[in-house]
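Undergrad: Below is the sequence, then the predicted model.
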Amino acid sequence: MAESPTIFALSSAPGRAGIAVVRVSGERAGFVVDALAPPRPKDRVAALRRIRDPQSAEVLDEALVLFFAAPRTETGEDMAELHLHGGPSIVKAVLGVLGRQAGCRLAEPGEFARRAFQNGKLDLAQVEGLADLIEAETEAQRHQALAQMRGALSELYEGWRRALLEASALTEAAIDFSDEGDVAADAMERARTIVGKLEGEIAAHLDDGNRGEILRDGFRVVLAGPPNAGKSSLLNALARRDAAIVSEEAGTTRDVIEVRLDLDGLPVIVSDTAGIREPRGAVEKEGIRRTLAHARDADLVLWLSEATAPLVPPPPEVSGRGDTFFLPLASKIDISGAVADGRLGVSAKTGAGLPELVAAIAQRARERVGDLSAPAITRARYRERFMECMNSVHEYMNGPADQYELRAEDLRRATQAIGRITGRVDVEDVLGEIFGRFCIGK
Ligand SMILES: Nc1nc2c(ncn2[C@@H]2O[C@H](COP(=O)(O)OP(=O)(O)OP(=O)(O)O)[C@@H](O)[C@H]2O)c(=O)[nH]1
Ligand SMILES: [K+]
Ligand SMILES: [Mg+2]
């Protein structure tokens with residue numbers, strides 16, 4: 001087999017910085033250090049070295065250099081790190097010299113993680129945990145991503161896959177002993193017990209109120225209500241900046257405007273929307289359509305109307321999904337004073353009621369996300385595979401038990417569906433999609 005190219009990339013953020021870390025991975029990583037920064041440091045020991053262009057002998061920088069021998073490395077290959085001074089021209093020069101070394105080329109996005117996967121260092125669910133960890137903005141997101149990267153989901157899913165393999169072995173035994181009716185029936189009965197237990201566990205995992213995905217992607221709050229209720233003013237007060245245009249003219253907001261907040265470590269996305277009324281013109285009509293579409297998908301709709309006006313009844317898109325998704329608010333209580341009709345009163349102008357509102361949103365988000373330590377589905381990709389798995393499991397449980405071959409096929413499909421999540425089976429098709437979303441150097 002031809003030697004796979006040695007890859008390199010800037011792994012720290014681009015731009016001016018105190019330090020820039022360039023990583024190298026592959027069979028030639030050690031030779032690269034020998035050529036650019038001799039002598040090669042001892043395995044896993046940092047050493048200060050001059051970085052030179054081996055052709056011109058020009059000194060490019062003085063840097064900390066590390067060499068890590070395979071296989072105890074992140075990618076499973078030989079790796080080197082150059083901790084350069086973080087000037088863009090130094091980084092550019094060093095990357096240029098690396099590109100001229102035999103067998104070396106710039107890494108593609110996600111290629112370090114891809115090699116870690118291919119060398120069995122991480123499975124796919126762990127790789128996706130790593131991607132989430134890099135993206136994490138809040139504490140709870142970081143916890144969830146770190147647990148996933150360290151294998152919390154992988155262990156759970158592998159356990160289920162092993163149980164399915166055990167049931168498969170029993171079903172195969174039934175096929176082998178099909179002319180000994182008792183033995184075959186007994187094996188099928190034991191397999192059925194295993195699959196029945198699994199069915200319950202996966203059903204519970206699927207029926208999680210999307211809490212893992214909400215934590216990963218954010219709890220979606222939509223501000224809606226009649227025009228001029230003060231929605232944009234409230235958004236700005238929550239975001240503590242002028243994110244949306246405010247004016248006394250009804251129908252100011254047309255496009256949906258989103259701000260991301262960190263409430264108690266939970267990611268919350270608040271959207272300001274167009275006021276709902278009989279639209280005047282095509283643009284406002286489209287704005288209202290967008291408001292209603294967002295309200296239907298929201299985890300919580302804040303229905304805002306002025307404190308002095310009685311509660312305007314919300315459209316069914318807003319109220320139809322029940323109280324869990326709906327919180328009525330009374331705005332501008334600096335003018336009217338408190339309200340007595342059960343609405344939570346707020347003033348964007350004075351800030352009155354905002355701490356209570358923030359607490360109420362955080363409370364709802366916490367309820368939806370639930371126990372943060374229990375592993376939850378974090379991606380639609382996993383949910384889809386589990387639905388496939390469950391279809392086959394249902395076939396298995398409900399199909400005639402004495403049709404052993406058909407039941408064995410059900411289990412094969414169920415096992416394969418779970419295997420696709422962690423990358424145990426034919427995964428080439430999903431690899432590009434997953435690793436391509438990483439940035440270069442990861
Ligand atoms: N006194 C007082 N005035 C407010 C408050 N919030 C908003 N207003 C005023 O009410 C008017 C409408 O505010 P917006 O925030 O634009 O209302 P909106 O609901 O976004 O309006 P549309 O986008 O047109 O639907 C503006 O003149 C604001 O200054 C408040 O808490 N107190
Ligand atoms: K307005
Ligand atoms: Mg507005």
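TA: Perfect, thanks for sending it. Ligands and ions are numbered 1, 2, ... in the order given.
Undergrad: hey, let's count contacts and neighbours off CA atoms from now on
TA: Fine.
Undergrad: State the helix or strand in which the nearest residue to Glu248 once chain neighbours are set aside lies.
TA: Nearest residue to Glu248, sequence neighbours excluded (CA to CA, 6 or more residues apart in numbering): Asn228, at 6.8 Å. Assigned by DSSP states H and E, Asn228 falls within no helix or strand.
Undergrad: list the helices and strands the longest strand along the chain packs on?
TA: Identified as the longest strand of the chain according to DSSP state E is strand 59-68. The helices and strands touching strand 59-68, judged by 3 or more CA pairs under 8 Å, 6 or more residues apart in numbering; DSSP states H and E, are helix 29-36, strand 47-52, strand 79-85, helix 88-99.
Undergrad: quick one, phi/psi of the residue nearest to Glu248?
TA: phi 70, psi 10 (degrees, to the nearest 10).
Undergrad: wait, isn't it in contact with Ile245?
TA: No - the pair Asn228 and Ile245 does not pass the contact test of CA atoms under 8 Å, sitting 11.7 Å apart.
Undergrad: which of the two has more neighbours?
TA: Neighbours of Asn228 and Ile245, each counted by other CA atoms under 10 Å, are more numerous for Asn228; the result is 23 against 11.
Undergrad: before we move on, back to that, which residues does the longest strand of the chain contact?
TA: Strand 59-68 has contacts (CA atoms under 8 Å, 6 or more residues apart in numbering) with 29-30, 33, 37, 40-53, 78-85, 90, 93-94.
Undergrad: what's the answer for stretch 91-104, then?
TA: 5-10, 20, 28, 32, 53, 60, 84, 105-106.
Undergrad: buried ones in it?
TA: Residues Val91, Val94, Leu95, Val97, Leu98, Gly99, Gln101, Gly103, Cys104 are the ones in stretch 91-104 that count as buried (16 or more other CA atoms under 10 Å).
Undergrad: Now render the contacts of stretch 91-104 as CSV, adding pLDDT and distance to ligand 1.
TA: Listed next are those as CSV, based on pLDDT from 0 to 100; distance: CA to the nearest ligand atom, whole Å:
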residue, pLDDT, distance to ligand 1
Pro5, 96, 56
Thr6, 98, 55
Ile7, 98, 51
Phe8, 97, 50
Ala9, 97, 46
Leu10, 96, 44
Ala20, 96, 44
Arg28, 97, 60
Val32, 97, 59
Asp53, 97, 60
Leu60, 97, 56
Leu84, 97, 49
Arg105, 97, 52
Leu106, 96, 49
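Undergrad: So which of these wins on neighbours?
TA: Going by other CA under 10 Å, Phe8 tops the contacts of stretch 91-104 with 27 neighbours.
Undergrad: Pop out the phi and psi values for it.
TA: phi -150, psi 160.
Undergrad: among the helices and strands of this protein, which has the poorest mean pLDDT?
TA: helix 428-435 (a mean of 57; mean pLDDT, DSSP states H and E).
Undergrad: where's the host helix or strand of Ala408 relative to the chain centroid, distance-wise?
TA: Here Ala408 sits within helix 404-422, counting by DSSP H and E. Taking CA atoms, centre = their mean, to the nearest Å, the mean C-alpha location of helix 404-422 is offset from the chain mean by 26 Å.
Undergrad: packing partners for it?
TA: Against helix 404-422 (3+ CA pairs under 8 Å, 6+ apart) you get helix 124-135, helix 152-176, helix 380-398.
Undergrad: Let me have those helices in a markdown table, extended by mean pLDDT, distance to Gln144 and mean neighbour count.
TA: Listed next are those as a markdown table, based on pLDDT from 0 to 100; distance: least, CA to CA, whole Å; neighbours: other CA atoms under 10 Å:
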| stretch | mean pLDDT | distance to Gln144 | mean neighbour count |
| --- | --- | --- | --- |
| helix 124-135 | 92 | 8 | 22 |
| helix 152-176 | 92 | 9 | 19 |
| helix 380-398 | 96 | 15 | 17 |
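Undergrad: right, so of those, which gets closest to Leu372?
TA: helix 152-176 (12.4 Å; CA to CA).
Undergrad: Which is the succeeding secondary structure element to that closest one?
TA: helix 181-206.
Undergrad: Return a ChimeraX selection command for the buried portion of the contacts of strand 59-68.
TA: Selection of buried members from these for ChimeraX, criterion 16+ other CA under 10 Å:
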select :29,30,33,37,40,41,46,49,50,51,52,53,78,79,80,81,82,83,84,85,94
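Undergrad: Spell out which residues of the stretch 301-442 of the chain are next to ligand 1.
TA: With CA under 6 Å from any ligand atom as the criterion, the stretch 301-442 of the chain comes near ligand 1 at residues Ser331, Lys332, Asp334, Ile335, Ser347, Ala348, Lys349.
Undergrad: hmm, back to that, tabulate the helices and strands packed on helix 404-422 in TSV, adding columns for distance to ligand 3.
TA: As requested, the helices and strands packed on helix 404-422 are exported to TSV (distance: least, CA to the ion, whole Å):
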stretch	distance to ligand 3
helix 124-135	30
helix 152-176	42
helix 380-398	32
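Undergrad: can you tell me which of the ones you listed comes nearest to ligand 2?
TA: For these, distance to ligand 2 was read as CA to the ion. The smallest value, 34.7 Å, belongs to helix 124-135.
Undergrad: could you say what helices and strands that closest one packs with?
TA: Counting by 3+ CA pairs under 8 Å, 6+ apart, helix 124-135 packs on helix 111-118, helix 139-149, helix 152-176, helix 404-422.
Undergrad: Would you mind listing what in this protein touches ligand 3?
TA: Ser232, Thr253 (CA under 5 Å from the ion).
Undergrad: Domain-wise, how is the chain divided?
TA: As recorded under automatic domain parsing, the domains making up the chain are 6-107, 125-208+377-435, 218-369.
Undergrad: can you put those in CSV and add distance to Asn119?
TA: Output for these, formatted as CSV (distance: least, CA to CA, whole Å):
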stretch, distance to Asn119
domain 6-107, 6
domain 125-208+377-435, 12
domain 218-369, 33
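Undergrad: how close does Gly423 sit to Leu124?
TA: From Gly423 across to Leu124, the span is 5 Å (CA to CA, to the nearest Å).
Undergrad: helix, strand or coil for Ala330?
TA: Ala330 carries the three-state label strand when classified by DSSP: H, G, I helix; E, B strand; the rest coil.
Undergrad: right, and it touches Leu304 too?
TA: Yes - contact criterion CA under 8 Å: Ala330 and Leu304 qualify, at 5.8 Å.
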